[in-house]
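Chemist: Just need the structure, nothing else, for what follows:
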Amino acid sequence: MRTLASALVAGFLFGIGLWISGMANPKKVLGFLDITGDWDASLLLVMGGAVAVTLVGFHLVLKLPTPWLEKKFLIPGKGPIDTPLVAGAALFGIGWGIAGYCPGPALTALSTLSMESVVFVAAMIVGGKIGAGFIK
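Modeler: Below you'll find the predicted structure:
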């Protein structure tokens, strides 16, 4: 129950951060990606803040002997850079560039019940199911 409550609080804070930063607004994201047009560089501050918090947070958390809510840290190992990884990253980037959404902000934007966020999330789920079929 504590793990579930922790995940709910973390997700809620993450969603609030996405709204405050503008990441849940596809027009703002597309403005950031449009480096040859009317470029909006303000999301660089968001990324810089996220990297700074992550560096400090990981440094402090990984000094603990164990996590607060689990028995051990689950840290993924390094794997090869292979075709599925590159293809997945390319598809993610193309989708982000076309729609202005990535998964987190798209789920956050569902709270507006806009047709574009509903369609994006539905397509994301279908695409994930199709992609999972290729991995097996």
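Chemist: give the contact list for the most centrally placed residue in the chain.
Modeler: Geometric centre of the chain, nearest residue: Gly104, 4.5 Å, by Cα atoms, centre = their mean. With contact set as Cβ atoms under 8 Å, 6 or more residues apart in numbering, Gly104 has these partners: Phe14, Gly15, Leu18, Met23. Yep, even glycine has a C-beta here, placed from its N, CA and C like the rest.
Chemist: For the residue of the chain positioned farthest from its centre, what are phi and psi?
Modeler: Farthest-out residue of the chain from its mean C-alpha position, per Cα atoms, centre = their mean: Pro65, at 27.6 Å. Main-chain torsions, Pro65, degrees, to the nearest 10: phi -70, psi -30.
Chemist: State the helix or strand in which the residue nearest to the centre of the chain lies.
Modeler: Element membership of Gly104 [criterion: DSSP states H and E] is helix 103-109.
Chemist: What is the subsequent helix or strand relative to that helix?
Modeler: The first helix or strand that comes after helix 103-109 along the chain, using DSSP H and E, is helix 115-135.
Chemist: Do I have it right that Pro26 meets Gly97?
Modeler: No - using Cβ atoms under 8 Å, Pro26 makes no contact with Gly97, being 10.6 Å away.
Chemist: higher neighbour count, these two?
Modeler: Pro26 (22 against 12; other Cβ atoms under 10 Å).
Chemist: How about that one, nearest residue that isn't a chain neighbour?
Modeler: Sequence neighbours aside, Gly100 is the residue nearest to Pro26 in space, at 2.7 Å (criterion: Cβ to Cβ, 6 or more residues apart in numbering).
Chemist: Spell out the secondary structure type for Ala10.
Modeler: helix (DSSP: H, G, I helix; E, B strand; the rest coil).
Chemist: re earlier: most neighbours among the contacts of Gly104, which one?
Modeler: When neighbours are taken as other Cβ under 10 Å, the top entry among the contacts of Gly104 is Met23 (23 neighbours).
Chemist: okay, now Thr112: neighbour count?
Modeler: For Thr112, the count of nearby residues is 13 (other Cβ under 10 Å).
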